[in-house]
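Novice: Predicted model and sequence follow; I will ask about them next.
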Amino acid sequence: MLGTLFLLESRGLALSPVLLRLFRPCVEQALSANLKRIEQSTAAFAAADDWLLAYPPVGGRHMSTASLGSVIASQPKLSSSAHRFNSMAQEICEDVGPLESLQFADHALEGLVQGFSSYVNMLIKALPGSMETENLEGSESRIVRMAETEAQQIALLVNALLLADELLPRAATKLSPFNHSSRIDEPPRRSSERQTRAAPEQRELKRRLQRFVEQLRDSFCRQHALELIFTEDGAVRLSAEMYIGMDGSADEPEWFPSPIYQELFAKLTRIASIASDMFVGRERFATILLMRLTETVILWLSDDQTFWEEIEEGPRPLGPLGLQQFYLDMEFVILFSSQGRYLSRNLHQVIKNIIGRAIESVAATGIDPYSVLPEDDWFADVAQIAIKMLTGKANFGNVDQDITSPTASVSARSTLSHGSN
């Protein structure tokens with residue numbers, strides 16, 4: 001029906017107002033059914049999606065032999081469900097766009113936005129441990145294949161980002177009356193005119209779609225932060241005891257970042273490597289992803305009332321060794337996020353605030369915290385050495401002195417310089 005109406009309008013045979021009123025409910029019903037079919041078909045693909053990125057499959061309206069190469073080259077890599085959503089969205093916009101007299105563009109666009117929201121909900125459900133998404137408003141219970149590896153989970157983000165930032169806005173241009181003429185004897189509007197008039201609508205559409213992408217990104221960061229903070233049986237790994245217990249131990253501390261922050265660094269390093277391959281041309285999104293994940297972990301620590309109640313009011317106070325370890329952990333986070341270029345002003349300020357809070361808790365016991373802490377250079381040196389060791393780039397040669405001793409700042413700096421690439 002949509003194609004028939006388009007052929008009539010393109011030949012100047014526009015329907016009379018009376019016929020339009022008669023046809024409109026039927027066309028509106030057909031449009032709604034097609035929009036619903038997009039959601040259902042995409043959900044079916046998501047249930048079997050392997051979340052591996054690939055170019056679109058051969059086929060579809062514009063896949064003639066002559067244009068096949070150029071069409072594929074213009075399409076980004078997506079997983080199968082995202083390709084399905086995109087191809088159906090492009091097709092429905094091509095069908096609805098020419099029917100200016102029926103004024104269904106807004107209906108179609110709103111349907112695609114809601115369809116994208118539904119698809120993002122499915123992507124969130126594909127994240128391991130995303131049970132909290134089962135009750136998302138407007139979300140139906142659907143089976144979605146789990147994205148088990150970090151690469152698959154980042155592919156979910158790629159799907160959402162490219163659809164929101166490029167592909168759906170491209171489809172929406174086909175709905176604009178400025179993008180085509182309704183009659184074959186009318187000259188096409190100039191490109192500059194189309195772009196000028198459509199720009200505000202495009203910006204607003206991208207803003208709406210971007211909010212759904214941010215929901216997926218935040219779910220990704222929350223899931224990975226919780227994996228670090230809690231064990232599989234629900235025990236807390238980031239606890240006050242890991243610092244308070246140091247001053248009561250008979251063992252000499254081995255100054256190195258705590259295991260949870262080593263794992264955070266390793267996770268961020270892996271994600272950065274995967275993202276650099278998948279977000280080509282969209283490096284800013286990858287940077288924000290790393291920034292948000294780091295912030296999620298540190299903000300959890302900052303807001304954990306149990307942690308701070310034990311530090312500030314518990315039966316055993318935080319001592320000099322625990323304070324030194326806490327300070328080292330925070331400086332380690334600052335250093336690797338700064339070197340990775342994802343240290344936000346907010347993250348830096350939050351870390352400084354919680355370092356200050358830990359220092360105040362030690363001062364409240366009557367100890368001068370600054371008299372028991374090494375110089376700032378020591379923390380920077382040990383953190384840098386840790387980064388080199390964790391990345392396999394350390395080369396310390398024959399060093400007799402303990403480079404992580406608080407009294408070995410000068411030795412650490414010279415050794416670090418010697419081991420630099």
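Specialist: Here it is on my side, so go on. Numbering: from 1, shown residues only.
Novice: Would you check the distance separating whatever helix or strand Ala225 lives in from the middle of the chain?
Specialist: With secondary structure defined by DSSP states H and E, Ala225 is part of helix 191-229. Chain-centre distance of helix 191-229: 10 Å, with C-alpha atoms, centre = their mean, to the nearest Å.
Novice: quick one, what contacts the residue nearest the centre of the chain?
Specialist: Geometric centre of the chain, nearest residue: Arg217, 3.1 Å, by C-alpha atoms, centre = their mean. By C-beta atoms under 8 Å, 6 or more residues apart in numbering, the contact list for Arg217 reads 157, 288-289, 292. Every C-beta, even on glycine, is put in place using the N, C-alpha and C of the backbone.
Novice: shaky segments in this structure?
Specialist: Within the chain, the segments meeting pLDDT under 70 span 1-24, 59-74, 97-103, 131-142, 177-198, 396-421.
Novice: per-domain residue ranges of it.
Specialist: 2-219, 230-373 (automatic domain parsing).
Novice: what would those look like in CSV with distance to Met389?
Specialist: Listed next are those as CSV, based on distance: least, C-beta to C-beta, whole Å:
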stretch, distance to Met389
domain 2-219, 22
domain 230-373, 8
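Novice: So which bits of the helix holding Ala225 are buried?
Specialist: Across helix 191-229, burial judged by 16 or more other C-beta atoms under 10 Å covers 194, 198, 201, 205-206, 208-209, 212-213, 215-217, 219-225, 228-229.
Novice: Show me where the stretch 201-350 of the chain has its helices.
Specialist: Under the criterion DSSP state H, counting those that start in this stretch, the stretch 201-350 of the chain contains helices at 241-244, 259-278, 283-303, 305-313, 320-339, 345-363.
Novice: Show me the contact partners of the shortest one.
Specialist: Defining contact as C-beta under 8 Å, 6+ apart, one finds that helix 241-244 is touched by 258, 310-311, 314, 316-319, 322-323, 325-326.
Novice: Looking at those residues, which is nearest Gly234?
Specialist: Gly234 has its nearest neighbour among the contacts of helix 241-244 in Glu310, at 18.1 Å by C-beta to C-beta.
Novice: From Pro315, how far off is the nearest residue to the closest one once chain neighbours are set aside?
Specialist: Take Glu310 and drop its neighbours on the chain: the residue closest to it by C-beta to C-beta, 6 or more residues apart in numbering is Ala240, 3.7 Å away. Ala240 sits 11 Å away from Pro315 when distances are taken as C-beta to C-beta, to the nearest Å.
Novice: Likewise for Gln384?
Specialist: Gln384 sits 36 Å away from Pro315, taking C-beta to C-beta as the criterion.
Novice: cool, and Phe116?
Specialist: Plainly put, Phe116 is 53 Å away from Pro315 if you go by C-beta to C-beta.
Novice: How about Ala364?
Specialist: Per C-beta to C-beta, Ala364 is found 14 Å from Pro315.
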